[in-house]
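# missing the sequence, but the structure's below:
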């Protein structure tokens, strides 16, 4: 019987403790499925002043301090008690750094100005804890730029040389953010010889994302297509992604099929008991009633952040063009973000009452109900490293309307192709999306075709088992290399 592999996931986010996006969903699900395969996968994140964290019971497992250039920073590692997450969750309680009501910004959306100091102290604290573990992890799995310096620290900083033999995996969930900072802040970092400084540098700055790429034993992205896109467009790191291609793999994320289960989901008005079309119809009716929409028309929904990378800046014009051009359909928008987009979307509700409505904010239960009740889900993303919304939609029988990019291209097939599951378009332009809407209305009117499509989509497998097995193969390969 093969020896058990121990993996420590190090991340800024983990659902349900701290979440702003897909990073949290992945870190909150992948370890659960790894543990089902007889690995020992644990997670550590910073201890934020957030409601979920504050409402849990924690036990201190380690206490120490790290040198931050001109002062000692104390910290405690706390372990979650009464845990039913499927993995052990730890938080690094670092006084003055993360005990704030937000992950990256305050409740008003203003970013904290000391991100470098915060996340360097987090990475140092985690490594100090690992140094004192009786049984050390076999793999350190780092996620995004917030943990991108760890592979360098353990390789080249004398302070952590006793950890140099532990392989590191670095996963990029969003390559847009590099976490770069100037060399004037080098004093926050542990000592290292000047000749290795190039391994954390890119274009004259310390670049944690580049550091993770250069120094990790294995590099992964959250879809194959996104890995290819980063080699063409990664805010200046294109050459580096080509240079490190020999150790790079794209692994499409999965979804937690226990949380996203149409048969048991407590957020839904109706769980699936009969046919898929019956399930869709019975969840659409109350949704349309709540938002004053016409249940006889196709319902297209948008769920997500109002951000340019999500294509949300096109939504106001899209709403206007859709209804001014006489498209017989409903549009429902759930999300928040850019205040200008929020205002524009809200101000149009009275103009198209009965066919259009919005919910500004974040509502997990409502999101589940929309996935179950909507006929189509729009994702006009300019950048989508993996995307989970399209997988949730397919699981609940909602047909995705997506741009051909990143993980959307890896998980959705156009209905014009064999075994098609959704409607795809090429450019983030109102005209392209309107053409996709035309195709959506056309298939919606073919009751037999849409019934078969909904039924087949709900049978697609986007569970974590398939993706987890690929990570396990990487861990096994690295452990063999390390011994």
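Arrived safely, thanks for sending. Just so you know, these numbers come straight off a predicted model, no measurement behind them.
# quick one: the nearest residue to residue 89 once chain neighbours are set aside from residue 259, how far?
Leaving aside its chain neighbours, residue 89 sits nearest to residue 80 (4.4 Å; criterion: CB to CB, 6 or more residues apart in numbering). C-betas here are computed from N, CA, C, even on glycine. Look at residue 80 and residue 259: by CB to CB, to the nearest Å, they are 18 Å apart.
# before we move on, what about residue 103?
Per CB to CB, residue 103 is found 21 Å from residue 259.
# about what we covered before: how near is the residue nearest to residue 89 to residue 88?
Separation of residue 80 from residue 88 (CB to CB): 7 Å.
# looks like the residue nearest to residue 89 contacts residue 87 (just checking).
No - taking CB atoms under 8 Å as the definition, residue 80 is not a contact partner of residue 87, at 9.6 Å.
# now do the residue lying closest to residue 207 once chain neighbours are set aside against residue 199, distance only.
Setting aside the residues directly before and after it, residue 207 is nearest to residue 180 in space (CB to CB, 6+ apart), at 4.7 Å. Residue 180 sits 15 Å away from residue 199, going by CB to CB.
# neighbour count winner among those two?
Neighbour count, other CB atoms under 10 Å: between residue 180 and residue 199, residue 180 has more, with 19 against 15.
# state the distance from the more buried one to residue 148.
Going from residue 180 to residue 148 by CB to CB gives 10 Å.
# cool, and residue 20?
Using CB to CB, residue 20 is found at 18 Å from residue 148.
# still on that earlier bit, identify the contacts common to residue 180 and residue 148.
By CB atoms under 8 Å, 6 or more residues apart in numbering, residue 180 and residue 148 have these common neighbours: 208-209.
# isn't residue 385 right next to residue 224, touching?
No - between residue 385 and residue 224 there is no contact under CB under 8 Å: 11.0 Å.
# who has more neighbours, those two?
The neighbour comparison of residue 385 against residue 224 (other CB under 10 Å) goes to residue 385, with 27 against 16.
# secondary structure element for the nearest residue to that one once chain neighbours are set aside?
Closest residue to residue 385 apart from its sequence neighbours, by CB to CB, 6+ apart: residue 226 at 4.4 Å. Counting by DSSP states H and E, the element that carries residue 226 is helix 224-230.
# next, the buried residues of that helix.
224-227, 229-230 (16 or more other CB atoms under 10 Å).
# what residues are bridge-paired with residue 40?
Here residue 40 sits in beta bridges with residue 6, as judged by DSSP bridges.
# shaky segments in the protein?
Low-confidence segments of the chain, defined by pLDDT under 70, span residues 1-2.
# can you list the domains in it?
Structurally, the chain divides into domains by automatic domain parsing as follows: 6-254+464-482, 276-457.
# just give the number of residues close to residue 137.
If you count neighbours by other CB under 10 Å, residue 137 ends up with 20.
# would you confirm that residue 354 contacts residue 293?
Yes - under the criterion of CB under 8 Å, residue 354 makes contact with residue 293 at 6.8 Å.
# in terms of neighbours, single out the busier of these two.
Neighbour count, other CB under 10 Å: between residue 354 and residue 293, residue 293 has more, with 22 against 12.
# and that one, what element?
Here residue 293 sits in a region with no helix or strand, counting by DSSP H and E.
# now do residue 44
Per DSSP H and E: residue 44 is located in strand 40-46.
# just the element for residue 345, please.
Per DSSP H and E: helix 339-347 holds residue 345.
# got the residue ranges for the helices in the stretch 251-400 of the chain?
All helices of the stretch 251-400 of the chain, identified by DSSP state H, counting those that start in this stretch, fall at 276-291, 315-324, 339-347, 364-373, 389-395.
# tell me which of the ones you listed lies nearest to residue 63.
Among the helices of the stretch 251-400 of the chain, the nearest to residue 63 by CB to CB is helix 364-373 (34.8 Å).
# quick one: contacts of the closest one?
260, 262, 265, 267-270, 279-280, 283-288, 299, 301, 303, 332, 334, 359, 377, 392-393, 395-398.
# would you indicate which residues of that helix are buried?
Using 16+ other CB under 10 Å as the burial criterion, the residues of helix 364-373 that qualify are 366-373.
# ok, residue 436 to residue 418 distance?
Noted for residue 436: a distance of 19 Å to residue 418, by CB to CB.
# neighbour count for those two, which is higher?
It is residue 436, of residue 436 and residue 418, that has more neighbours when counted by other CB under 10 Å, with 22 against 6.
# residue 427 is in contact with the more buried one, correct?
No - here residue 436 does not reach residue 427: they are 10.8 Å apart, not a contact under CB under 8 Å.
# in the sheet, who's paired with the nearest residue to residue 338 once chain neighbours are set aside?
Distances taken as CB to CB, 6+ apart place residue 306 nearest to residue 338, at 4.6 Å, with adjacent residues excluded. For residue 306, the beta-bridge partners are residue 337 (DSSP bridges).
# who's in contact with residue 306?
Residues counted as contacts of residue 306 (CB under 8 Å, 6+ apart) are 312-313, 315, 335-338, 341-342, 345.
# just these now: which is nearest residue 217?
Closest approach to residue 217 among the contacts of residue 306 (CB to CB): residue 337, at 36.2 Å.
# pretty sure the closest one sits against residue 307.
Yes - contact criterion CB under 8 Å: residue 337 and residue 307 qualify, at 5.3 Å.
# overlap in contacts of the two?
By CB under 8 Å, 6+ apart, no residue touches both residue 337 and residue 307.
# ok, residue 214 - contacts?
The neighbours of residue 214, taking CB under 8 Å, 6+ apart as the test, are 151-152, 199-200, 240, 244.
# quick one: the lengthiest helix in the chain to chain centroid distance?
Using DSSP state H, we find that the single longest helix of the chain is helix 464-482. Relative to its parent chain, helix 464-482 has a centroid offset of 20 Å by CA atoms, centre = their mean, to the nearest Å.
# what helices and strands are in contact with it?
Packing partners of helix 464-482 (3 or more CB pairs under 8 Å, 6 or more residues apart in numbering; DSSP states H and E): helix 22-36, strand 139-143, strand 168-172, strand 218-221.
# please repeat the previous calculation with a cut-off of 7 Å.
Applying 3 or more CB pairs under 7 Å, 6 or more residues apart in numbering; DSSP states H and E, one finds that helix 464-482 makes contact with helix 22-36.
# which residues touch the helix it packs on?
With contact meaning CB atoms under 7 Å, 6 or more residues apart in numbering, helix 22-36 is reached by 7, 9, 11, 13-16, 18, 41-43, 85-87, 143-144, 173, 222, 253, 256, 386, 388, 464-465, 468, 471-472.
# contacting residues around the closest residue to residue 348 other than its chain neighbours?
Nearest residue to residue 348, sequence neighbours excluded (CB to CB, 6+ apart): residue 319, at 5.4 Å. Counting by CB under 7 Å, 6+ apart, residue 319 touches 331, 348, 352, 356.
# which one (most neighbours) among these?
The most crowded member of the contacts of residue 319 is residue 331, carrying 27 neighbours; neighbours defined as other CB under 10 Å.
# leaving out chain neighbours, which residue sits closest to that residue?
Nearest one to residue 331, counting by CB to CB, 6+ apart, is residue 356 at 4.7 Å.
# next one: that neighbour from residue 291, what distance?
Residue 356 is 9 Å from residue 291, where distance means CB to CB.
# do the same with residue 480
According to CB to CB, residue 480 and residue 291 sit 55 Å apart.
# okay, those two: which has more neighbours?
Neighbour comparison, residue 480 and residue 291: the larger count goes to residue 291, with 21 against 9 (by other CB under 10 Å).
# is it correct that the more buried one is in contact with residue 333?
No - if you go by CB atoms under 7 Å, residue 291 and residue 333 don't touch, sitting 10.0 Å apart.
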